[in-house]
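Undergrad: Sequence unavailable; structure follows:
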Ligand SMILES: O=c1[nH]cnc2c1ncn2[C@H]1C[C@H](O)[C@@H](CO)O1
Ligand SMILES: [Zn+2]
């Protein structure tokens, strides 16, 4: 069988649940914005800068990987800059054939030049709307939902959770916590999660990436996460073999169809997986966990949604049936209302894959 080509994957509709706004800037935009605010970059040539991000993030450690965000966050401190970055994000995802995306960012990291949290959120939402409208004019439909992230080492999660709920009818569809995992368990933010549950709101938690099962267990059983950001270390609760045996937590995650937002390239860079070919996504898919494929940070991984799928096609021999399965899994797990999810599955995804399979 001939492997599916990247160009063909680009044309197929895809759904993306885990993508960071500050991890997906165009290198040329960073150079432009940095010049305007006098921020010092490691390179001013966009191609070299793009290569620098990938090499620096290729560190084997989540903490060092996260250091690279200093250069993107630094240039995202004004409303016009946030608007531009969000609009370009929508355009880039649409050009890659993404029809539904949830893009996240941490508003608290964009206050250093005097914006308020509300102004930050409004600039990003307007940018997404603008980018999606431009994409539609060019014949590419994309729906973007925004997730607001609180940083797990900080102490603003309650405030950010309230901000997310305040903008729930304006495009914010969920909440997340991110940042270094070791030493910062999700239970530090229990008040925020309990508040969100009382508000009938949705949230995902970065867990089981740099730290293992205890973090996943807390995210689900203490905090009530709807989905797991990464969650890849759930494999530590699976005993491999000809018929793998699931521990109690892995069985719970699979039985409850808790979505795993897996990010293959990012995991290889931070050391959460040794290679794409050895990435636990192969086993987790075989065991029919609710697996989704994601980019995490397109800039730091030099990747796209289509490229992540192409890497899996190459490593695991997946065909269109598997790519459709990942796509429908993601769409089923989205934080937008059920009827809207169903419409995208039935009217956009299934008809397109029916022609491909
Ligand atoms: O993969 C990740 N794990 C934990 N934190 C992350 C990851 N990718 C990005 N972040 C952080 C860095 C960003 O500044 C922040 C908000 O998008 O989220
Ligand atoms: Zn992430």
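TA: Happy to help now that I have it. Quick caveat: nothing in here was measured; it's all calculated off a predicted structure. Ligands and ions are numbered 1, 2, ... in the order given.

Undergrad: low-scoring stretches of this structure, by residue?
TA: 1 (pLDDT under 70).

Undergrad: which residues in it form strands?
TA: Taking DSSP state E, the strands of the chain run over residues 14-20, 98-105, 143-151, 172-178, 204-207, 227-230, 238-239, 245-246, 260-262, 291-293.

Undergrad: Could you export those strands as a markdown table, including distance to residue 70?
TA: The way it works is simple: take the backbone N, C-alpha and C, and place the C-beta from them, glycine included. Shown next, in a markdown table, are these (distance: least, Cβ to Cβ, whole Å):
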| stretch | distance to residue 70 |
| --- | --- |
| strand 14-20 | 14 |
| strand 98-105 | 15 |
| strand 143-151 | 13 |
| strand 172-178 | 15 |
| strand 204-207 | 19 |
| strand 227-230 | 21 |
| strand 238-239 | 36 |
| strand 245-246 | 40 |
| strand 260-262 | 24 |
| strand 291-293 | 28 |
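
Undergrad: Nearest to residue 35, out of those?
TA: Among the strands of the chain, strand 98-105 comes nearest to residue 35, with 22.2 Å by Cβ to Cβ.

Undergrad: how about the strands of the chain in JSON lines, adding mean neighbour count?
TA: Putting the strands of the chain into JSON lines (neighbours: other Cβ atoms under 10 Å) gives the following:
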{"stretch": "strand 14-20", "mean neighbour count": "27"}
{"stretch": "strand 98-105", "mean neighbour count": "26"}
{"stretch": "strand 143-151", "mean neighbour count": "23"}
{"stretch": "strand 172-178", "mean neighbour count": "25"}
{"stretch": "strand 204-207", "mean neighbour count": "29"}
{"stretch": "strand 227-230", "mean neighbour count": "28"}
{"stretch": "strand 238-239", "mean neighbour count": "16"}
{"stretch": "strand 245-246", "mean neighbour count": "14"}
{"stretch": "strand 260-262", "mean neighbour count": "29"}
{"stretch": "strand 291-293", "mean neighbour count": "27"}
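
Undergrad: okay if I get those strands as a markdown table plus distance to ligand 1?
TA: Putting those into a markdown table (distance: least, Cβ to the nearest ligand atom, whole Å) gives the following:
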| stretch | distance to ligand 1 |
| --- | --- |
| strand 14-20 | 4 |
| strand 98-105 | 5 |
| strand 143-151 | 5 |
| strand 172-178 | 3 |
| strand 204-207 | 5 |
| strand 227-230 | 7 |
| strand 238-239 | 22 |
| strand 245-246 | 25 |
| strand 260-262 | 10 |
| strand 291-293 | 14 |
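
Undergrad: Quick one: closest of those strands to residue 254.
TA: strand 245-246 (6.5 Å).

Undergrad: Indicate which one of the strands of the chain is closest to residue 185.
TA: Using Cβ to Cβ, these put strand 204-207 closest to residue 185, at 9.0 Å.

Undergrad: Return the residues of the chain in contact with ligand 1.
TA: Contact residues, the chain versus ligand 1 (Cβ under 6 Å from any ligand atom): 20, 22-23, 62, 66, 69, 73, 104-106, 109, 149, 178-179, 206, 209, 266, 296-297.

Undergrad: ok, the nearest residue to residue 223 once chain neighbours are set aside - contacts?
TA: Computed as Cβ to Cβ, 6 or more residues apart in numbering, the closest residue to residue 223 that is not its neighbour in sequence is residue 193, at 4.3 Å. By Cβ atoms under 8 Å, 6 or more residues apart in numbering, residue 193 lies in contact with 161, 186, 203, 223-225.
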